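Participant: Sequence first, predicted model second:
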Amino acid sequence: MWYHKPVINKELLQSLPNLKIVASSGVGIDHLDLNLLSSYSVKLSNTPFVVSTDTADLGMALMLASSRRLVEGHQMAVSPDTEYFPADWLGAELSGATLGIVGMGTIGYKVAERAKAFEMKILYHNRNQRNKEEESAVGAIYCKKIDDLLHQSDFVLLSVNLTPQTHKLIGKRELELMKPTATLINISRGLVVDQDALVEALQNKVIKAAALDVTYPEPLPRDHPLLKLKNVIITPHIGSATKKTRRLMMENMIESIQAGLTGLPIPNEVL
Amino acid sequence: CRVHQWDSEEPVPRAELLAGVAGKRGLLCLLSDRIDREVLEAAGPSLKVISTMSVGFDHLALDEIKKRGIRVGYTPDVLTDATAELSVALLLATSRRLPEAVEQVKNGGWTTWKPLWMCGYGLSDSTVGIIGLGRIGQAVARRLKPFGVKKFLYSGSRPKPENATEFAAEFVPLTRLAEESDFIVVTCALTPATQGMCNKDFFARMKKTSVFINTSRGAVVNQEDLYDALTQGQIAAAGLDVTTPEPLPTDHPLLSLKNCVILPHIGSATYATRSTMAVLAANNLLAGLRGEPMPHELQL
């Protein structure tokens, strides 16, 4: 299945008595009820790792686009109303700024590897601390308490998975702990952020800007305030959107399905 | 010293510039100010120092300036990081189709997720060709390396092994760079040799899936040929921070292309970098006026 359709519920599983395996695209499994699948003896696989590089790349793309005002700049460059480029039109550079990564899994770590080359200072918050070699390879400093990360970061990037523990991880309280000059970047899941609190924080300049590849729902309703805010960039969940990666995801899913149908060990099985 | 200032975000009109330089000892200018024979004549023999707030100097008529014994200051190094950063930002925005995607979100074109919708090109395992492996070119390569680039190629007037070893970059003829690169970034100076270098032949050699990025000077690219290459599918997309002229006329065909991302020449446009450039340009000027060594003097 691609994205989160069809909805895997009791009705569907009852109507497919011979179903052996659900192969889900992408790494996220928040749209699936694992207990339900297990109760019908249906196996589950996802496609982790293969999506990591493109998603990390997009995280960097969003951070850069936001900080250097690329969307605005492009609009100015192509607008028929533009007579000249103002001499004092400026953005902020990544060099020397602090990036706080919330969720240092495969994707979060790849973001750190990229950000280091831009001379960013890197903080991270994770359930567990990474080992010394991994930390020093990217110069990342562990923040056991997310508050410490939020206080110090110029950019806060979310790359956690969505679980009951990370649902609304970033709410009004967390946004107020962030610097008023900080930018929130979300490449995880829309529900990791309290979206209404985010709208308010952006409107009241509690934080400077946001760049989101994920929202809740997707797409947002046409009249949603996030679509109207000037300091927000929203992309349509394209984290893994390259032909090459989508092809690899498909190959992964086929492999898992074939193994599932023949009773062999399933690559990328979710247990 | 007494300063006569053009105090506006708009470029100084030509007539104003010609009137303003008359009888002045020093001139602090931007890259959008063409300092040619006409300006130098208007200034007269009093002009001793020109300080440009840029690293590029293609807007300065160096032969005429040298003839008159005028010294020139410029701002290399201090803008390298900001410009390299913007070059990579543009590469990512172009190859992942950011402006297009943002537009689809705003205008309701995004109805539902589809596997092949809005797919772009990834850097992982790619070959990157850098035209001009100078300060900015190297800084670009440094930033691209952790994106999983498999190979760096570079072209220029001559091999620069001291710059290339960090990236194991291979010096190749321009034709080979065009043929083998998945991403091409142009970061060379504009000179008679590089003028119009990226032309029909160049684009014809590029891969259909390749992305072309120019953050050097607009005149390095033949814009008509680029337009043809983009519309005929010879290359996948282009990202330009620089064009000829800037801005492009409102009816210019490049402005209508979905696969062409254009930025308003913002390579060095950050608060920190422009402040540093401004102070350096001022210090270059003052040193020149005092007859002292400049922090960064352009050797003529």
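Facilitator: Alright, I've got the coordinates.
Participant: Would you map out the domains in chain A?
Facilitator: Here the domain parsing of chain A from the TED database is A:10-49+A:241-262, A:52-79+A:90-234.
Participant: Please dump those domains into a markdown table; it should also carry distance to chain B and mean neighbour count for every row.
Facilitator: C-betas here are computed from N, CA, C, even on glycine. A markdown table is the format used below for the domains of chain A (distance: least, C-beta to the nearest C-beta, whole Å; neighbours: other C-beta atoms under 10 Å in any protein chain shown):
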| stretch | distance to chain B | mean neighbour count |
| --- | --- | --- |
| domain A:10-49+A:241-262 | 4 | 17 |
| domain A:52-79+A:90-234 | 4 | 20 |
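Participant: Redo those as a markdown table? Include distance to A:Y3.
Facilitator: Converted to a markdown table, these look like this (distance: least, C-beta to C-beta, whole Å):
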| stretch | distance to A:Y3 |
| --- | --- |
| domain A:10-49+A:241-262 | 7 |
| domain A:52-79+A:90-234 | 9 |
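Participant: export those domains to CSV and tack on mean pLDDT?
Facilitator: As requested, the domains of chain A are exported to CSV (pLDDT from 0 to 100):
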stretch, mean pLDDT
domain A:10-49+A:241-262, 95
domain A:52-79+A:90-234, 97
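Participant: Report the backbone C-alpha coordinates of the helix or strand hosting A:R247 in PDB.
Facilitator: In the assignment (DSSP states H and E), A:R247 maps to helix A:243-262. Extracted C-alpha coordinates of helix A:243-262, given in PDB (Å, rounded to 0.1, in the frame of the first residue of the first chain):
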ATOM      1  CA  LYS A 243      11.800   8.400  -8.900                       C
ATOM      2  CA  LYS A 244      14.800   6.400  -7.800                       C
ATOM      3  CA  THR A 245      13.700   6.100  -4.200                       C
ATOM      4  CA  ARG A 246      10.000   5.400  -5.100                       C
ATOM      5  CA  ARG A 247      11.200   2.600  -7.300                       C
ATOM      6  CA  LEU A 248      13.400   1.200  -4.500                       C
ATOM      7  CA  MET A 249      10.400   1.400  -2.200                       C
ATOM      8  CA  MET A 250       8.400  -0.600  -4.700                       C
ATOM      9  CA  GLU A 251      11.100  -3.200  -5.000                       C
ATOM     10  CA  ASN A 252      11.300  -3.500  -1.200                       C
ATOM     11  CA  MET A 253       7.600  -4.000  -1.000                       C
ATOM     12  CA  ILE A 254       7.500  -6.700  -3.700                       C
ATOM     13  CA  GLU A 255      10.400  -8.500  -2.000                       C
ATOM     14  CA  SER A 256       8.500  -8.500   1.300                       C
ATOM     15  CA  ILE A 257       5.300  -9.600  -0.300                       C
ATOM     16  CA  GLN A 258       7.000 -12.500  -2.100                       C
ATOM     17  CA  ALA A 259       8.600 -13.600   1.100                       C
ATOM     18  CA  GLY A 260       5.300 -13.300   2.900                       C
ATOM     19  CA  LEU A 261       3.500 -15.400   0.400                       C
ATOM     20  CA  THR A 262       6.000 -18.200   0.400                       C
END
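Participant: so how far is that helix off the chain centroid?
Facilitator: 22 Å (C-alpha atoms, centre = their mean, to the nearest Å).
Participant: Now for the residue at minimal distance from the centre of chain A: which residues touch it?
Facilitator: Nearest residue to the geometric centre of chain A (C-alpha atoms, centre = their mean): A:I187, 1.5 Å. When contacts are counted by C-beta atoms under 8 Å, 6 or more residues apart in numbering or on different chains, A:I187 touches A:55, A:58-59, A:62, A:107, A:157-159, A:213-214, A:239.
Participant: Residue 11: helix or strand, and which one exactly?
Facilitator: All of this refers to chain A. Residue-wise, A:E11 maps onto helix A:10-15 under DSSP H and E.
Participant: so what does that helix touch, helix or strand wise?
Facilitator: helix A:34-39 (3 or more C-beta pairs under 8 Å, 6 or more residues apart in numbering or on different chains; DSSP states H and E).
Participant: Just say helix, strand or coil for B:G239.
Facilitator: Classification of B:G239 using DSSP: H, G, I helix; E, B strand; the rest coil returns strand.
Participant: Domains in chain B, by residue range?
Facilitator: B:14-76+B:270-298, B:79-262.
Participant: What's the separation between B:A272 and B:E85?
Facilitator: Going from B:A272 to B:E85 by C-beta to C-beta, to the nearest Å gives 11 Å.
Participant: for A:M104, that is, sorry about that
Facilitator: 23 Å.
Participant: any idea how far B:L133 lies from A:V214?
Facilitator: Applying C-beta to C-beta to B:L133 and A:V214 gives a distance of 38 Å.
Participant: typo on my end, it should be B:G218
Facilitator: From B:G218 to A:V214 the distance is 37 Å (C-beta to C-beta).
Participant: Ok, B:L174 next?
Facilitator: 41 Å.
Participant: Could you do A:Y124 as well?
Facilitator: Taken as C-beta to C-beta, the span from A:Y124 to A:V214 is 20 Å.
Participant: got it, and A:T106?
Facilitator: 17 Å.
Participant: next one: A:E135
Facilitator: 27 Å.
Participant: Ok, B:E162 next?
Facilitator: 44 Å.
Participant: pull the CA atoms of the host helix or strand of A:E113 into PDB?
Facilitator: In the assignment (DSSP H and E), A:E113 maps to helix A:106-117. What follows is helix A:106-117, C-alpha atoms only, in PDB (Å, rounded to 0.1, in the frame of the first residue of the first chain):
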ATOM      1  CA  THR A 106      18.600   7.200  10.700                       C
ATOM      2  CA  ILE A 107      17.000  10.300   9.200                       C
ATOM      3  CA  GLY A 108      17.900  12.600  12.000                       C
ATOM      4  CA  TYR A 109      21.500  11.500  11.900                       C
ATOM      5  CA  LYS A 110      21.700  12.000   8.200                       C
ATOM      6  CA  VAL A 111      20.500  15.600   8.700                       C
ATOM      7  CA  ALA A 112      23.200  16.100  11.200                       C
ATOM      8  CA  GLU A 113      25.900  14.800   8.700                       C
ATOM      9  CA  ARG A 114      24.700  17.400   6.200                       C
ATOM     10  CA  ALA A 115      24.300  20.300   8.600                       C
ATOM     11  CA  LYS A 116      27.800  19.800   9.900                       C
ATOM     12  CA  ALA A 117      29.200  20.700   6.400                       C
END
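Participant: partner strands of the helix or strand following it, parallel or antiparallel?
Facilitator: As assigned by DSSP H and E, the chain's next helix or strand after helix A:106-117 is strand A:121-125. Each strand paired with strand A:121-125, and its direction, by DSSP bridges: strand A:98-102 (parallel), strand A:140-142 (parallel).
Participant: got a list of contacts for the first one?
Facilitator: Looking back up the chat, that one is strand A:98-102. A:63, A:108, A:111-112, A:115, A:120-126, A:140, A:143, A:146, A:149-150, A:152-160, A:169-170.
Participant: From the structure, what's the count of residues near B:R135?
Facilitator: The number of residues packed near B:R135 is 18, by other C-beta atoms under 10 Å in any protein chain shown.
Participant: ok now stretch A:241-258, how far from the chain's centre?
Facilitator: 20 Å.
Participant: Need the residues that contact it.
Facilitator: Contacts for stretch A:241-258 (C-beta under 8 Å, 6+ apart): A:21, A:23-26, A:45, A:47, A:50-51, A:53-54, A:58, A:240, A:264, A:266-269, B:96, B:115-122, B:124.
Participant: Among the residues you listed, name the ones in strands.
Facilitator: Among the contacts of stretch A:241-258, the members found in strands (DSSP state E) are A:21, A:23, A:45.
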